[in-house]
Each structure stands twice: as C-alpha cells, then as structure tokens.
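Visitor: Using only what follows, build the 3D model:
(chains A and B)
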Amino acid sequence: MATRTRYAPDRGLTVRMTATMFLLGLVFVAFVALIIGIMTAAHASAAAIVLVALIFGGGSAFISLFYSDKIALAAAGAREVSPRDAPQLHGIVDRLCALADMDKPRIAIAPTQLPNAFATGRNSKNSVLCVTDGLLNRSGLTDEELEGILAHELSHVAHKDVQVMTYASLLAIVAGLLVRFAFYSELFGGGRRGGGNNGQAALLIPLIMLASIVVYAISFLLIRLLSRYRELAADRSGALLTQNPSALINALYKVSEGMNRIPTQDLRAAEPLNAFYFAPAMRLTRGGRGGGGGGASLSALFSTHPSLEKRVAQLAKIQKELGQVGPDPRGIG
Amino acid sequence: MGFLDTLFGRTKPVQPKLDDLFGLPSAAVQLEAATGFKPTGSGSVSFRAPEGKPFADIQKEVLELLAMDDGKPGGGLPVEVTKDTYGYTWLVSNHMSDEMDALVTDLHAVNSALVDGGFGPQLLCTLVAFSDDSHRRLSLVYLYKRGTFYPFAPLSGQNRDNALELQVKGVLGDDLRIEQDLTRWFPVWGAPGL
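Guide: Numbering: from 1, shown residues only, chains lettered A, B, ... in the order given. Predicted coordinates for the structure are as follows:
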C-alpha cells in the first residue's frame, strides 16, 4: 500500500548545517592538537593555564546545560502555569505534542511586554516552554499564529537545540577563558619567573593567547551560523507540524513589528536570553525590514536569528510544497 | 528521534498505528460489565488538514477519500465533518449503541483512508464515546502515534473525573494498551462526538 506524504526533507539545509558542524569540529580538533602540543612541551605554567580553563569552561557549560530551564525562567522572571491558569495555551501544546509524539514541556509565562517565546531545557523531560505576556495579550496574534510560534518552540525542544548549542559553544567558552587567563599570567607572572626555560614560557603564553583569540573568533562566527540554521530548521518543522506556514509567516511579521515598537530598556533587559527567543530581541543594526543592503551583511554574520526575509522565504517554499503531494521518500509507508 | 535527526534538526513525520483500534469492542464489553458504561454509538477521528484550502474543499476531499475506500460504487461512509476551535478537522461517525464492531470498522476505514491520502502524520486521535445510566460521560481516546488508549471523563466546566478515569485504566488494563504516562492524557473538551 503506497502512502503519500506531504513531507520532504530539506537537503540544502542539512548540507549547510553539516558543513558548519564539520568546520566547528575541525577548529576543535586543531585546538585540541595545539593544547596537547603545549602539554607535551610540559611547561608547568602553560599547562596549568590550559587545564584550569578546560575545567572552568567545561564546568560552567555543564552547569548552564543542567540548569538551563531554571536559569532561563529565573532570568525571564517567568512563572509556571497550570492547565487551569492557561487552558488555551495548554490545549494548543497538548495537541501539538500528541501530533508530534513528544513529551509535553512545562509551560511558563513571563511578565514581559516584549512579544516573544522561548523553549529551553537539556532534554524533553526537563524542558520548559515560556511565552511572554506581550505575546499573549499585546501582539494581536490569532490562535493559529500563536500555535505556529508554539510549534516552532516545540521543534527546538525536539531537536535538542539547547544541548547542541551548548556543546557547540564549549570550545568558544574555553578559548575565551584561555585568552583571559593567558593575558593575566603574562601581566602578573611573566616578569617574576627565572630559571632555565624562561624563554620558552615567554614564547608559549602569547602563542596560547593568539591561538585562542583566533579559535574564539572563528568558533563564534560558526556558532552564530549554526544558530541561524537551527532557527530555520525549527521554522520548517513547526510549519510542517501545524501544516500552516502562512500563520507562522504572519506571526513572524507581527512579532518583529512588536519588537521594533518596544522601548530600549526592555530590549536591554532581554539581551541575555536572546539566543533562545523566537525572534531576536537585540539587533546590531536597526535597519528596516526591506534590508539586504551592504550595511546589513555584517550584522547578519553575527546574528543569532536569520533575517525575517530568509525565514519568510523558506516558509513560502513550504507553503508551495504543502499544496503538492509528493511520493513518500521511504517508498513504502 | 534518532541521533542524526537531532544533529541536523530534522523532524521525521510520525506514522500512526491503527490496528490497536480493533481491541475496542471487547474492551467495551469489559467496561460495561465493570462500570456500567455503555457505548453511545458515536465515534470520531480528528486530524490536522493542511492550510490553503477552504474547509469545504477539505470536507469534499475527505468524503471522496472515504467513498473510494468503501469499495462499493456510489457508497461511502456516513460521517459528519466539522472543525473545532483549535483548527482540527473532526469526522464523526454515528451508529446504534450496540453496533460497536461496525463503529470500529468504520473508524478504521476512515483512518486508513486518511493515511492513504497522505494525512497519516496529521492524525491527532480517535475518540469513542460512552455514557452510563446517570448520564455521566466517558470517552476512550486513542493516540495514534503511541498506539495507546486513555480514558477522558469530562465533568461540568473544565473539570475531569480523575477517579473514574483511573478506575477505567484499571478495568481495561488487560484488554487495551493504556497510556502509562499520565501527562499524555490530554483533555479534549467539547470534542465532536463526545
């Protein structure tokens, strides 16, 4: 019995994401090789710096991953709501979770006037989906548009984006710490040391610093690129889950417009959570949506979210695909 | 989801499991013996229709699918098509209260027709309604993606009779695969056919 399907995997996105992760892995391997090189050179002070940075970086990443739901809720000042408090919200999420066959995350509401939503947590059992008051009350979203946003956030949970991004950021955290430690040790330790291999130390520590700066810069750009691909993937999965990309497009426009209307003190307050949000609360340049000009390219490189145009273009493609029914890619359903 | 799907941020559509539905008639007998709840003869199937088409077109498409599946020329299963406030389409089939076998056969046919039509990943749940002599209502909800059932007993307002639901879980444990994860027992207030 041949089964038709309305899903088609986006190979282009998968390829681009693979390339990004490959590059990130390459930088990682190179960096580890360098560290091992330093360790075997066995200069005590250099090895100690590297070790401390690894422990601190790994430890902080592990803690932030393990407590990501609690940290994010506390930072957003959000409170968890029961089905009785927010029946509509729970009703939509219940149904989406049943459709997608996933565990239902806890649901929280943040008392922020910015219309936005985020999902966080290290795995599906410990995840929490948070929407802001502004999204529910002020943004003028219809139920379908709200559903589109919730489906996008649920896709982040299903794709384990918090885990993926934490692992991806690990390298940048360690490299960043190394830059700082090497800098301080140069500043305070460099002059005092005497003895035989002093010349080697004077050479090693700036080398660590330089390599760390390069690694930090490259991995920072790659992480941001990966983050943008994860957003596109969540948009795509969310739209396929609700079968309603148009509602998600409308929601994107409404939320982005809402973001631009809000005064700046709210934007600053929202900055730490930026990477988890449905739409970015912080922008490097505040250009119009018509964008794509020369000045926008740098901000696009650093941004955690793809541009509105890119996201809408992808959803428009899905809109078209949903109209046509393709053959099942796995042959027999 | 597999490791690679997680790595690439892909979501594979989940195909429904349908055959467990045929456990319903014997479960209904067991349920009546133990709790006095009888089938009302009404059952429904809900799924998410893709956007872009007016509801009338979906109605027509679904009814055509059902007519094709029936095999008899000019036939077709008697179902009502409605849409709920959450945007899901419901197909309601009505039988006499003692025709549980026929109802389940119909529901299975509706489900297979929808799966053949490419709506498989969009199926939400199948629901069969029961009531007892004091007009308490109960429904058994079938979750396709997990292949499990759970009881849903609405009271007035948005309250559910959890005691009754847990009792039913105990009674039917041998006849049906009951969803063990209670967080998946989501309420379907005001579902058509309930």
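Visitor: Could you verify my assumption that A:L241 touches A:A100?
Guide: Yes. The pair A:L241 and A:A100 qualifies as a contact (Cβ atoms under 8 Å) at a distance of 5.6 Å. The C-beta positions use only the backbone N, C-alpha and C, and glycine is treated the same way.
Visitor: burial count for residue 23?
Guide: The chain I'm using is chain A. A:L23 is flanked by 16 other residues according to other Cβ atoms under 10 Å in any protein chain shown.
Visitor: Chain B was what I was after
Guide: B:G23 has 16 neighbouring residues, counting by other Cβ under 10 Å.
Visitor: correct me, but it touches B:D175?
Guide: Yes. B:G23 is within contact range of B:D175, at 6.0 Å (criterion: Cβ under 8 Å).
Visitor: that's a strand at A:V131, yeah?
Guide: Yes. Per DSSP: H, G, I helix; E, B strand; the rest coil, A:V131 lies within a strand segment.
Visitor: For the spatially closest residue to it that is not a sequence neighbour, give me the backbone phi and psi.
Guide: Spatial nearest neighbour of A:V131, chain neighbours left out: A:A117 (4.4 Å); criterion: Cβ to Cβ, 6 or more residues apart in numbering or on different chains. Here the main-chain torsion angles of A:A117 (degrees, to the nearest 10) amount to phi -150, psi 150.
Visitor: Need the residues touching each of B:G23 and B:D175.
Guide: With contacts defined as Cβ atoms under 8 Å, 6 or more residues apart in numbering or on different chains, no residue is adjacent to both B:G23 and B:D175.
Visitor: buried set for the host helix or strand of A:T20?
Guide: Taking DSSP states H and E as the definition, A:T20 sits inside helix A:11-41. Within helix A:11-41, the residues that qualify as buried are A:13-14, A:16-17, A:20-21, A:23-24, A:27-28, A:31, A:34-35, A:38, counting by 16 or more other Cβ atoms under 10 Å in any protein chain shown.
Visitor: Those residues into a markdown table, with extra columns for distance to chain B?
Guide: Shown next, in a markdown table, are the buried residues of helix A:11-41 (distance: Cβ to the nearest Cβ, whole Å):
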| residue | distance to chain B |
| --- | --- |
| A:L13 | 8 |
| A:T14 | 5 |
| A:R16 | 10 |
| A:M17 | 6 |
| A:T20 | 11 |
| A:M21 | 7 |
| A:L23 | 15 |
| A:L24 | 12 |
| A:V27 | 17 |
| A:F28 | 15 |
| A:F31 | 21 |
| A:L34 | 26 |
| A:I35 | 25 |
| A:I38 | 30 |
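Visitor: Take the residues you listed and lay them out in TSV including pLDDT.
Guide: TSV is the format used below for these (pLDDT from 0 to 100):
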residue	pLDDT
A:L13	78
A:T14	79
A:R16	84
A:M17	82
A:T20	86
A:M21	84
A:L23	87
A:L24	85
A:V27	85
A:F28	81
A:F31	82
A:L34	78
A:I35	73
A:I38	70
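Visitor: re earlier: can you tell me how far the residue nearest to A:V131 sits from A:A86?
Guide: Plainly put, A:A117 is 13 Å away from A:A86 if you go by Cβ to Cβ, to the nearest Å.
Visitor: So the two - more neighbours on which side?
Guide: Counted by other Cβ under 10 Å, A:A117 and A:A86 do not tie: A:A117 has more neighbours, with 23 against 18.
Visitor: wait, doesn't that one sit right on A:A151?
Guide: No. Using Cβ under 8 Å, A:A117 is not in contact with A:A151; the gap is 10.7 Å.
Visitor: Give the helix, strand or coil label for the residue of the stretch 101-250 of chain A found nearest chain B.
Guide: Per Cβ to the nearest Cβ, A:A233 is where the stretch 101-250 of chain A lies closest to chain B, at 3.1 Å. Following three-state DSSP, we place A:A233 in the helix state.
Visitor: Report how many residues lie close to it.
Guide: Applying other Cβ under 10 Å, we find 23 residues neighbouring A:A233.
Visitor: So, low pLDDT: which residues of the stretch 51-200 of chain A?
Guide: Along the stretch 51-200 of chain A, the model assigns pLDDT under 70 to residues A:186-200.
Visitor: returning to what we had before: between A:L241 and A:A100, which one's more packed in?
Guide: A:L241 (26 against 23).
Visitor: quick one, what contacts the more buried one?
Guide: A:L241 is in contact with A:96, A:99-100, A:151, A:154-155, B:11, counting by Cβ under 8 Å, 6+ apart.
Visitor: Using the three-state scheme, assign the nearest residue to A:A158 once chain neighbours are set aside.
Guide: Among residues not flanking A:A158 along the chain, A:M102 sits closest, at 5.6 Å (Cβ to Cβ, 6+ apart). Secondary structure for A:M102, judged by three-state DSSP, is coil.
Visitor: What ranges does the chain have for its strands?
Guide: If you meant another chain, say so; for now it's chain A. A:4-5, A:79-80, A:106-110, A:117-120, A:128-132, A:326-327 (DSSP state E).
Visitor: Chain B was what I was after
Guide: Here chain B has its strands, by DSSP E, at B:38-47, B:79-83, B:89-94, B:123-131, B:137-143, B:148-152.
Visitor: Dump those to a markdown table, plus mean neighbour count and mean pLDDT.
Guide: As requested, the strands of chain B are exported to a markdown table (neighbours: other Cβ atoms under 10 Å in any protein chain shown; pLDDT from 0 to 100):
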| stretch | mean neighbour count | mean pLDDT |
| --- | --- | --- |
| strand B:38-47 | 24 | 90 |
| strand B:79-83 | 17 | 82 |
| strand B:89-94 | 22 | 87 |
| strand B:123-131 | 25 | 91 |
| strand B:137-143 | 24 | 92 |
| strand B:148-152 | 24 | 93 |
